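Enquirer: turn this into a model:
(one chain, ligands or ions: 1)
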Amino acid sequence: MIWSVWSRLALVALTPAMLSLSAVPTGQTPAPAAGQAPAASPPYDLLLRGAHVIDARNKISAVRDVAIAGGRIAAVAAKINPADAVKAVDLSGLYVTPGLIDIHAHTYTGTGERRSYAGDNSVYPDGFTFRTGVTTVADAGCAGWRNFEDFKDRIIDRSKTRILAFLNIVGNGMRGGNYEQDLADMEVAPAVEMARKHPGLIVGIKTAHFAGPEWTPVEHAVEAGTLAGLPVMVDFGANRPERPLSELVTKKLRPGDIYTHVYSGLRGEQDPSGHVNPALLEGRKRGVIFDVGHGGGSFLWRIAAPAMKEGFVPDSISTDLHIGSMNSGMKDMLNVMDKFLAMGMTIDDVIARATWNPAREIKQDALGHLSVGAIADVTVLRVERGHFGLTDHNGARMDATARLVCELTVKDGKVVYDLNGISRPAWQTLPAGYGPTGDARWDGLNPAPIRR
Ligand SMILES: [Zn+2]
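Expert: Next up is the predicted model:
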């Protein structure tokens, strides 16, 4: 079935040259002449026309126009008049989805600390997000209560990407081996206090990288999550017989808690028979969430492909972006999504796992969908067909015939990335000596100065 969708999106129909040749109403409002009252402003700032909209929350998978005003979704309908928008963009043949949400990224960089996810191992998010359609990331526990506000000041408050965070149960966060193994620094009360101080920004509690036999990190993370009303995300660290995966997902975690790195194969996710560990199925029945968290060492075809064949699909797709994954098998959010297309998941199911599912997992109901009134984070994707290869963390390749390309990203109602200039005028149509060509009501890239 997915093939028929893809074949309708044959690349030949979607070249940038053809997009620019299509009749794109510029919708530019002429400046009023001197002495005249300004013409009434159109009701919409930006109109995305004619794309196939995938909105899992609203169960829409059909060609729709999407209108945006004041940074919010203003209308979704079969046809919306382009004259009603300051800017209308023709997106025929493309997909429009809610802004992608990556709930496992490492972004606490800039401290200068070596070999640390509260330092050099992390990346500045803006270099990776909008170009791949991601508008929101959740940092997966780089900071704990001791350094969260430094992270906020250094990165969260200065980035264009919407950054939310899982707070590490370790007070020092992911500063490296000795810090992350220190049971005495896994205190519940100060973590809860910090989470309560930043509601809507701290969206979960993280435990990760623990090598010892104790349950303390998980138990304290769950206790903090319970007190703060937040989900817990677990990177289960070293595989220890004293604290087996089965007990984690069938007893220790609560419904809504998130097991990440589910296709790593590092902790018995696949049992020796080659089938999915039955404990994962039992955990799923209890409401435990299973997340991809691809990273530099947590996604293998020999684990993921058989699991997918058995129907054990992820609840959410995420990158585990950091310096060790950004140029290896993982690459970026779309590459991880491509892997699930290659394993036979429909594009609708892939998009749901990168939008509405992760939004729900971190209880961010205003994100991940295109309901009227929702935050206008929107991603425009092209399905490119050809011969591609997708690699896992050991460098094993799966061949693929489709990949997702981000054409346009809108955050808070403004265009923040436009690969082929589909929202821009052709330069020959502009006056000699032209300046910035956009309008601040829809354009986050090249808005013309506002004339008063
Ligand atoms: Zn991670």
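
Enquirer: and the pLDDT at the closest residue to the ion within the stretch 251-400 of the chain?
Expert: Here the stretch 251-400 of the chain gets closest to the ion at one residue, D320, 4.3 Å apart by CB to the ion. To be clear about C-beta, it is placed using only N, CA and C from the backbone, and glycine gets the same treatment. At D320, the model reports a pLDDT of 98.

Enquirer: measure the closest residue in space to D235 that isn't next to it in sequence to the ion for me?
Expert: In space, and not counting its chain neighbours, D235 is closest to A208: 3.6 Å by CB to CB, 6 or more residues apart in numbering. To the ion, A208 is 6 Å away according to CB to the ion, to the nearest Å.

Enquirer: same question, T132
Expert: 17 Å.

Enquirer: wait, that residue touches L334, no?
Expert: Yes - under the criterion of CB atoms under 8 Å, T132 makes contact with L334 at 4.9 Å.

Enquirer: identify the contacts common to these two.
Expert: C406 (CB atoms under 8 Å, 6 or more residues apart in numbering).

Enquirer: re the thing from before, for the residue of the stretch 251-400 of the chain closest to the ion, what are its contacts?
Expert: 104-106, 140, 260-261, 292-296, 298, 330.

Enquirer: three-state assignment of A67?
Expert: strand (DSSP: H, G, I helix; E, B strand; the rest coil).

Enquirer: ok, now A191?
Expert: helix.

Enquirer: may I have the secondary structure class of the closest residue to it other than its chain neighbours?
Expert: Distances taken as CB to CB, 6+ apart put A224 closest to A191, at 4.6 Å, once the chain neighbours are dropped. Three-state call for A224 (three-state DSSP): helix.

Enquirer: A224 contacts M194, doesn't it?
Expert: No - if you go by CB under 8 Å, A224 and M194 don't touch, sitting 9.6 Å apart.

Enquirer: so between the two, which is more surrounded?
Expert: A224 (27 against 20; other CB atoms under 10 Å).

Enquirer: distance-wise, check the more buried one relative to Y259.
Expert: A224 sits at a distance of 17 Å from Y259 (criterion: CB to CB, to the nearest Å).

Enquirer: the ion next: which of the contacts of D320 are close?
Expert: A140 (CB under 5 Å from the ion).

Enquirer: quick check: the farthest pair among the contacts of D320?
Expert: Greatest spatial distance among the contacts of D320 (CB to CB): H106 and V292, at 14.8 Å.

Enquirer: between those two, which has more neighbouring residues?
Expert: V292 (30 against 26).

Enquirer: got the confidence number for that one?
Expert: 98.

Enquirer: so it versus F236, what's the distance?
Expert: In terms of CB to CB, V292 sits 15 Å off from F236.

Enquirer: can I get the buried part of the contacts of D320 as one ChimeraX selection?
Expert: If you want just the buried ones from the contacts of D320 in ChimeraX, going by 16 or more other CB atoms under 10 Å, the selection is:
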select :104,105,106,140,260,261,292,293,294,295,296,298,330
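
Enquirer: so which of the contacts of D320 sit within helices?
Expert: Using DSSP state H, no member of these falls within helices.

Enquirer: got the contacts of D320 as JSON lines, with distance to Q270 columns?
Expert: Putting these into JSON lines (distance: CB to CB, whole Å) gives the following:
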{"residue": "H104", "distance to Q270": "20"}
{"residue": "A105", "distance to Q270": "26"}
{"residue": "H106", "distance to Q270": "26"}
{"residue": "A140", "distance to Q270": "23"}
{"residue": "T260", "distance to Q270": "16"}
{"residue": "H261", "distance to Q270": "13"}
{"residue": "V292", "distance to Q270": "15"}
{"residue": "G293", "distance to Q270": "16"}
{"residue": "H294", "distance to Q270": "16"}
{"residue": "G295", "distance to Q270": "17"}
{"residue": "G296", "distance to Q270": "20"}
{"residue": "S298", "distance to Q270": "13"}
{"residue": "M330", "distance to Q270": "20"}
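
Enquirer: quick one: which of the contacts of D320 sit in strands?
Expert: The strands, defined by DSSP state E, take in H104, A105, A140 from those.

Enquirer: so which of those residues would you say is closest to the ion?
Expert: Closest to the ion, out of all of those and judged by CB to the ion, is A140, at 4.6 Å.

Enquirer: wait, what's in contact with the closest residue to that closest one other than its chain neighbours?
Expert: Nearest residue to A140, sequence neighbours excluded (CB to CB, 6+ apart): H104, at 4.5 Å. Shown in contact with H104 (CB under 8 Å, 6+ apart): A138, A140, M233, T260, D291, V292, G293, G295, S318, T319, D320, L321.

Enquirer: and those residues, which is closest to H275?
Expert: Among those, and counting by CB to CB, the member closest to H275 is V292, at 19.2 Å.

Enquirer: now that that closest one has come up, it's in contact with M333, right?
Expert: No - counting by CB under 8 Å, V292 does not reach M333; the two are 10.3 Å apart.

Enquirer: looking at this structure, which helix or strand is least sure?
Expert: helix 16-21 (a mean of 34; mean pLDDT, DSSP states H and E).

Enquirer: and the helix or strand just after that one, how far from the chain's centre?
Expert: Reading on from helix 16-21 to the C-terminus, the next helix or strand found by DSSP states H and E is strand 44-55. Computed by CA atoms, centre = their mean, to the nearest Å, the separation of strand 44-55 from the middle of its chain amounts to 19 Å.

Enquirer: by contact count, what packs against strand 44-55?
Expert: If contacts are counted by 3 or more CB pairs under 8 Å, 6 or more residues apart in numbering; DSSP states H and E, strand 44-55 sits against strand 60-69, strand 72-77, strand 85-90, strand 95-98, helix 347-352, strand 378-391.

Enquirer: so for the fourth one, mean pLDDT?
Expert: Right, strand 95-98. 99.

Enquirer: identify the residues contacting that strand?
Expert: 48, 51-55, 64, 66, 133, 347, 351, 354-356, 359, 367-370, 374, 377-383.
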